[in-house]
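Participant: Provided below for reference: sequence and predicted model.
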Amino acid sequence: MHLNYHFLKYLCPELEKAFSGKKISACFSQNKDELIIETEDENESRYIRAHFLPPQIYLSFPENFQRAKRNSIDLFKELVGETIVGCQVLNFERAFYLKLSSGKILLFKLHANRSNVLLYEEGGTAPVKMFRNGIAEDRDLDWNSLNKSYDLSYESFESQEGNASKFLPTLGAIPRNWLKERGYPDAEISAKWELMQELLDMLDTPLFSLVEKNGEIHLSLLPEENPVKRFSNPIQAINELFYLALVRGNFEKDKNTLLKKYQEQLKRTNSYILKSTQKLEELRNSPSPSQLADVIMANLHEFQGGKLEAELMDFYTGEPVSVKLKPNQKPQDHAASLYRKSKNRKLEWEQLEKTIEAKIKQAAELESNLEELNVLDDFRALKNYKKSHGEDKVLQKDAVVLPFKTFEFEGFPIWVGKSAQANDDMLRGYTKKDDIWLHARMVPGSHVLIKTSGLKSIPMTVLETAASLAAFYSKNKNESLAPVIHTEAKYVRKVKGSPAGSVMVEKEKVMMVTPKGPEEIFGKGD
């Protein structure tokens with residue numbers, strides 16, 4: 001109700017007391033949706049702060065405000081030197097104005113997402129200056145036309161069949177909900193009238209409560225159970241609302257967003273550690289493929305005459321083992337394949353150990369971040385934290401549509417560019433030098449990134465999966481095998497003036513993979 005006529009009619013007389021006789025010494029903005037007006041007299045300074053970033057439309061009137069040394073621009077220069085001589089609410093309207101010593105009018109129109117501040121010359125019917133120039137309908141707005149009058153008699157109420165929104169459109173959501181909770185929509189006309197009179201009596205009582213509804217702080221003129229705070233002074237009420245709803249509310253929102261991000265990362269990291277540890281135990285406890293290769297090499301005679309299948313005695317376990325060869329495959333070639341597999345498994349084993357160790361370290365860092373973040377209690381501390389942890393840009397990017405598809409495999413995020421321009425955006429704005437960059441070789445396709453989180457090595461299975469995606473999102477999508485290049489992102493650079501998606505690559509390696517899409521790899525569509 002802080003933008004409501006029923007609140008403004010109490011606020012404006014108090015503003016007149018606080019600001020009458022004060023001279024405007026500065027008018028400026030530090031972001032495009034907030035206007036600050038500084039006023040002063042021989043005793044004190046006082047500020048008017050209008051925050052108009054939809055849907056957060058708030059006013060406050062602080063006694064102190066620290067203007068930034070940078071990113072601050074002077075506005076409404078015509079106001080500087082003017083003295084405020086009065087403050088008046090417009091009748092039954094979400095607007096009020098400051099009357100200045102020159103006769104000029106500074107109108108505050110509080111129409112939710114269409115809120116604005118407009119300056120009128122004495123006697124003028126159209127604004128000479130606007131704060132939000134993008135609101136086209138305000139360019140010809142006659143501020144006098146905003147004044148309204150309503151017939152609040154029983155006859156008028158009865159003729160409108162007790163329709164509260166028609167009878168008094170200025171009520172707002174909280175009063176209308178109060179009526180609804182008391183059965184207003186289905187009540188007889190006489191009962192409706194009694195409820196309406198009771199409501200108007202409460203709105204005529206200057207008591208202001210801050211209440212929490214659906215996780216947000218609101219100002220109410222109605223008696224509220226368990227209010228967050230209660231005030232008899234409307235300036236104090238709206239100042240505290242500004243702090244709790246905007247300043248404190250945005251702090252909690254930013255902090256919780258970052259907490260959730262860390263918690264999700266920690267959950268994924270711990271899941272990867274668990275699964276990889278289980279996989280490592282399986283590798284350690286299962287027999288090496290080289291053992292079967294040894295058995296085959298010791299029994300080559302069993303495959304004479306082109307035999308493709310033989311029952312052999314495994315001298316490692318003392319148990320019989322069945323060996324089947326592919327058509328035209330020699331037993332020596334099968335054994336060689338098993339020796340390579342054994343060697344690769346050893347490499348996978350070693351790499352898995354290193355990755356698990358790095359992920360354990362990463363989990364400890366995330367837990368430390370969560371502990372550090374949990375104790376932060378104000379915006380300045382959070383801002384310093386985000387800056388020192390490189391989180392400012394990440395949070396800003398989370399608020400816009402990302403230029404890439406996101407997947408995850410074995411705890412590693414894999415990103416795939418959505419278009420040529422998106423490939424450039426991903427490379428310029430979202431890539432760290434240690435990330436692994438992949439692309440189908442010699443054909444058009446999406447850029448693919450493996451986010452390594454600073455790890456020195458990644459599992460071969462992750463690299464192969466990302467390469468399969470790079471092949472799938474390229475002109476080689478329908479090939480049975482396709483070449484894919486990969487390198488660290490620090491060796492990929494954009495050449496000035498080159499077409500979108502075009503890059504220079506150094507120190508790349510090539511691997512052959514089968515193109516696979518998200519549905520085949522992850523069991524979901526792309």
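Facilitator: Okay, I see it. Residues are numbered from 1 along each chain as shown.
Participant: now do the same for residue 24: helix, strand or coil?
Facilitator: Using DSSP: H, G, I helix; E, B strand; the rest coil, the structure places residue 24 in strand.
Participant: just residue 98 next, same as before
Facilitator: Applying three-state DSSP: residue 98 is strand.
Participant: what sits against it?
Facilitator: 15, 19, 84, 86, 87, 105, 106, 108 (C-beta atoms under 8 Å, 6 or more residues apart in numbering). C-beta here means a position set from N, CA and C on the backbone, and glycine is covered the same way.
Participant: in a markdown table: the residues you listed, plus distance to residue 2 and neighbour count.
Facilitator: Formatted as a markdown table, the contacts of residue 98 follow (distance: C-beta to C-beta, whole Å; neighbours: other C-beta atoms under 10 Å):
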| residue | distance to residue 2 | neighbour count |
| --- | --- | --- |
| 15 | 13 | 26 |
| 19 | 18 | 21 |
| 84 | 21 | 25 |
| 86 | 21 | 14 |
| 87 | 16 | 22 |
| 105 | 22 | 20 |
| 106 | 19 | 27 |
| 108 | 12 | 26 |
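Participant: from the residues you listed, which land in helices?
Facilitator: Judged by DSSP state H, the subset of the contacts of residue 98 located in helices is 15, 19.
Participant: make JSON lines out of the contacts of residue 98 and add distance to residue 347 and pLDDT.
Facilitator: Output for those, formatted as JSON lines (distance: C-beta to C-beta, whole Å; pLDDT from 0 to 100):
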{"residue": "15", "distance to residue 347": "74", "pLDDT": "95"}
{"residue": "19", "distance to residue 347": "75", "pLDDT": "94"}
{"residue": "84", "distance to residue 347": "77", "pLDDT": "95"}
{"residue": "86", "distance to residue 347": "82", "pLDDT": "95"}
{"residue": "87", "distance to residue 347": "77", "pLDDT": "96"}
{"residue": "105", "distance to residue 347": "78", "pLDDT": "95"}
{"residue": "106", "distance to residue 347": "73", "pLDDT": "96"}
{"residue": "108", "distance to residue 347": "70", "pLDDT": "95"}
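Participant: just the ones in strands from the contacts of residue 98, please.
Facilitator: Among the contacts of residue 98, the ones falling in strands (DSSP state E) are 84, 86, 87, 105, 106, 108.
Participant: tell me the two of those that are most distant?
Facilitator: The distance between the two most remote of the ones in strands among the contacts of residue 98 (C-beta to C-beta) is 13.5 Å, for 86 and 108.
Participant: all helices of the stretch 201-350 of the chain, in order?
Facilitator: Counting by DSSP state H, counting those that start in this stretch, the stretch 201-350 of the chain has helices at residues 234-241, 249-285, 289-298, 331-374.
Participant: quick one, which of those helices gets closest to residue 202.
Facilitator: helix 234-241 (15.4 Å).
Participant: what about residue 240, distance to residue 53?
Facilitator: 19 Å (C-beta to C-beta, to the nearest Å).
Participant: the more surrounded of the two?
Facilitator: residue 240 (19 against 15; other C-beta atoms under 10 Å).
Participant: give me every residue that touches that one.
Facilitator: Counting by C-beta under 8 Å, 6+ apart, residue 240 makes contact with 210, 229, 231.
Participant: I'd like these as a markdown table, with distance to residue 95, neighbour count and pLDDT appended.
Facilitator: Formatted as a markdown table, those follow (distance: C-beta to C-beta, whole Å; neighbours: other C-beta atoms under 10 Å; pLDDT from 0 to 100):
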| residue | distance to residue 95 | neighbour count | pLDDT |
| --- | --- | --- | --- |
| 210 | 23 | 22 | 91 |
| 229 | 26 | 14 | 91 |
| 231 | 23 | 19 | 91 |
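Participant: quick one: least confident helix or strand in this structure?
Facilitator: When the helices and strands of the chain are compared on mean pLDDT, DSSP states H and E, helix 392-398 comes out lowest with a mean of 50.
Participant: look at the residue sitting furthest away from the middle of the chain and report its pLDDT.
Facilitator: No residue in the chain sits farther from the centre than residue 305, which is 68.5 Å out by C-alpha atoms, centre = their mean. Note on residue 305: pLDDT of 85.
Participant: now the ones in strands among the contacts of residue 98 in JSON lines, with distance to residue 505?
Facilitator: Listed next are the ones in strands among the contacts of residue 98 as JSON lines, based on distance: C-beta to C-beta, whole Å:
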{"residue": "84", "distance to residue 505": "64"}
{"residue": "86", "distance to residue 505": "69"}
{"residue": "87", "distance to residue 505": "65"}
{"residue": "105", "distance to residue 505": "63"}
{"residue": "106", "distance to residue 505": "59"}
{"residue": "108", "distance to residue 505": "57"}
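Participant: which single one of those is nearest to residue 426?
Facilitator: Taking those together and measuring to residue 426 by C-beta to C-beta, the closest member is residue 108, at 43.3 Å.
Participant: quick check: bridge partners of that closest one?
Facilitator: As for beta bridges, residue 108 partners with residue 96, residue 117 under DSSP bridges.
Participant: just checking, it touches residue 96?
Facilitator: Yes: contact status for residue 108 versus residue 96: in contact at 5.5 Å, counting by C-beta atoms under 8 Å.
Participant: who's in contact with the nearest residue to residue 275 once chain neighbours are set aside?
Facilitator: Excluding the flanking residues, the one nearest residue 275 by C-beta to C-beta, 6 or more residues apart in numbering is residue 410, at 7.4 Å. Residue 410 makes contact with 272, 275, 276, 459, 461, 462 under the criterion C-beta under 8 Å, 6+ apart.
Participant: at 7 Å instead, please
Facilitator: For residue 410, the contacting residues are 272, 459, 461, 462, by C-beta atoms under 7 Å, 6 or more residues apart in numbering.
Participant: next one: the nearest residue in space to residue 363 that is not next to it in sequence from residue 350, what distance?
Facilitator: Of all residues not flanking residue 363 in the chain, residue 269 sits nearest, at 4.7 Å (C-beta to C-beta, 6+ apart). Residue 269 sits 20 Å away from residue 350, going by C-beta to C-beta.
Participant: out of these two, which sits in the busier spot?
Facilitator: For residue 269 versus residue 350, neighbours defined as other C-beta under 10 Å are more numerous around residue 269 (22 against 11).
Participant: measure the more buried one to residue 408 for me?
Facilitator: Counting by C-beta to C-beta, the gap from residue 269 to residue 408 is 11 Å.
Participant: same thing with residue 417?
Facilitator: Using C-beta to C-beta, residue 417 is found at 17 Å from residue 408.
Participant: between those two, point out the one with more neighbours.
Facilitator: Each of residue 417 and residue 408 has its neighbours counted (other C-beta under 10 Å); residue 417 has more, 25 against 13.
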